[in-house]
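Q: turn this into a structure:
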Amino acid sequence: MGFPGVWMTESESVVYRVVPKCACSTIGQIMYYSDNGEFFDGDIHDATSGMHKWAFEDSQALIETNITTHKSYTFTCVRNPYTRILSSFFDKICGIQRNGKRYRGNLVPLLAQKYGIEVGSPDTGFEFDQIKSFRRFLLFARDTIRWRRPMDPDIHWSATSGHVSTLIQNGGQYDAIVHTENFNEGMQRVIDAIETPHAVNLAEIPRFNESEGHGPKRLHPVEDYFDDLSMHLMFEIYKRDFRLFKYDFENPANKMPTGEIDLDEIHAKLGQ
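A: I've put the predicted structure just below:
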């Protein structure tokens with residue numbers, strides 16, 4: 001299986017397991033800058049040089065050797081399941097993607113037909129009932145994760161713990177897991193622990209939110225999207241994420257973590 005979703009600086013100063021919708025654009029740009037002294041001009045996901053990615057065949061042997069020998073500091077970043085799936089909905093389902101098209105081609109028409117989801121249109125200012133459509137999307141997300149129908153789960157809404165676990169199960173070990181909600185504090189710990197060719201000053205790093213501006217703005221507080229049934233579905237899908245990464249399932253309005261992540265617990269439970 002190898003190490004899908006892993007990025008590594010060319011200097012091998014640090015290894016990062018990408019988790020979609022968890023500040024991955026900003027983290028990738030920080031890594032790129034730390035080696036190259038400049039940011040990648042464009043979406044870091046499109047970069048084909050300047051850093052190692054598991055998706056590049058030439059990088060795989062280097063990444064595998066590094067991780068299995070734990071040569072470099074290794075980390076990942078996680079996010080509250082409530083805000084993460086909302087972000088996935090507004091970006092991937094409602095938004096227009098970088099190529100000017102809808103995400104995954106026929107996905108939105110499929111959702112409209114099978115689940116009655118509306119996503120609006122940029123021509124009309126994306127006017128639609130966001131809460132009703134999101135709750136129907138959540139049912140679809142549950143169906144993909146639980147029964148793999150009408151399609152396999154997408155990386156943007158499959159459980160964070162599933163992404164994080166692949167590195168452990170294939171012989172890797174994390175030195176840190178950063179909460180997106182305490183990003184500067186967590187990322188500073190990573191930077192303090194590594195030596196980079198170019199110094200990184202987090203206070204001067206812009207936030208690279210590549211999904212921003214491509215779709216409708218969220219009109220309501222997070223908690224308004226989740227009624228009792230929605231919360232039941234969230235627990236069914238993301239129970240392990242809430243527990244392992246210390247997020248408050250009972251209160252969707254509280255996006256902040258409730259405690260420190262226990263790395264020993266993560267390695268024990270996700271390494272099985």
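Q: can we go C-alpha only for contacts and neighbour counts from here?
A: OK.
Q: Phe75 contacts Ile177, correct?
A: Yes: in this structure, Phe75 is within contact of Ile177 by Cα atoms under 8 Å, at 5.5 Å.
Q: neighbour count: these two, which is higher?
A: In this view Phe75 and Ile177 are compared by other Cα atoms under 10 Å, and Ile177 has more residues nearby, 23 against 20.
Q: not counting sequence-adjacent ones, nearest residue to the more buried one?
A: Thr76 (5.0 Å; Cα to Cα, 6 or more residues apart in numbering).
Q: how much space between that neighbour and Asp129?
A: To Asp129, Thr76 is 34 Å away according to Cα to Cα, to the nearest Å.
Q: those two: which is more packed in?
A: Higher neighbour count among Thr76 and Asp129: Thr76, with 23 against 13, using other Cα under 10 Å.
Q: contacting residues for the more buried one?
A: 16-19, 164, 174, 176-178 (Cα atoms under 8 Å, 6 or more residues apart in numbering).
Q: pLDDT, secondary structure and distance to Thr69 added to those, as JSON lines?
A: Output for the contacts of Thr76, formatted as JSON lines (pLDDT from 0 to 100; DSSP: H, G, I helix; E, B strand; the rest coil; distance: Cα to Cα, whole Å):
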{"residue": "Tyr16", "pLDDT": "98", "secondary structure": "strand", "distance to Thr69": "15"}
{"residue": "Arg17", "pLDDT": "98", "secondary structure": "strand", "distance to Thr69": "16"}
{"residue": "Val18", "pLDDT": "98", "secondary structure": "coil", "distance to Thr69": "20"}
{"residue": "Val19", "pLDDT": "98", "secondary structure": "coil", "distance to Thr69": "22"}
{"residue": "Val164", "pLDDT": "98", "secondary structure": "helix", "distance to Thr69": "18"}
{"residue": "Tyr174", "pLDDT": "98", "secondary structure": "coil", "distance to Thr69": "12"}
{"residue": "Ala176", "pLDDT": "98", "secondary structure": "strand", "distance to Thr69": "17"}
{"residue": "Ile177", "pLDDT": "98", "secondary structure": "strand", "distance to Thr69": "19"}
{"residue": "Val178", "pLDDT": "98", "secondary structure": "strand", "distance to Thr69": "22"}
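Q: what about the strands in this protein?
A: Assigned by DSSP state E, the strands in the chain fall at 6-9, 14-17, 51-53, 73-78, 176-179.
Q: residues contacting the first one, please?
A: The set of residues external to strand 6-9 that reach it, using Cα under 8 Å, 6+ apart, is 14-18, 28, 31-32, 35, 50-54, 63.
Q: partners of it in the sheet?
A: Neighbouring strands of strand 6-9 in its sheet, by DSSP bridges, are strand 14-17 (antiparallel), strand 51-53 (antiparallel).
Q: and the last one, by the same measure?
A: In its sheet, strand 176-179 lies beside strand 73-78 (parallel), with partners assigned from DSSP bridges.
Q: coming back round to it: quick one: closest of the strands paired with strand 6-9 to Ala253.
A: Closest to Ala253 of the strands paired with strand 6-9 is strand 14-17 (Cα to Cα; 27.5 Å).
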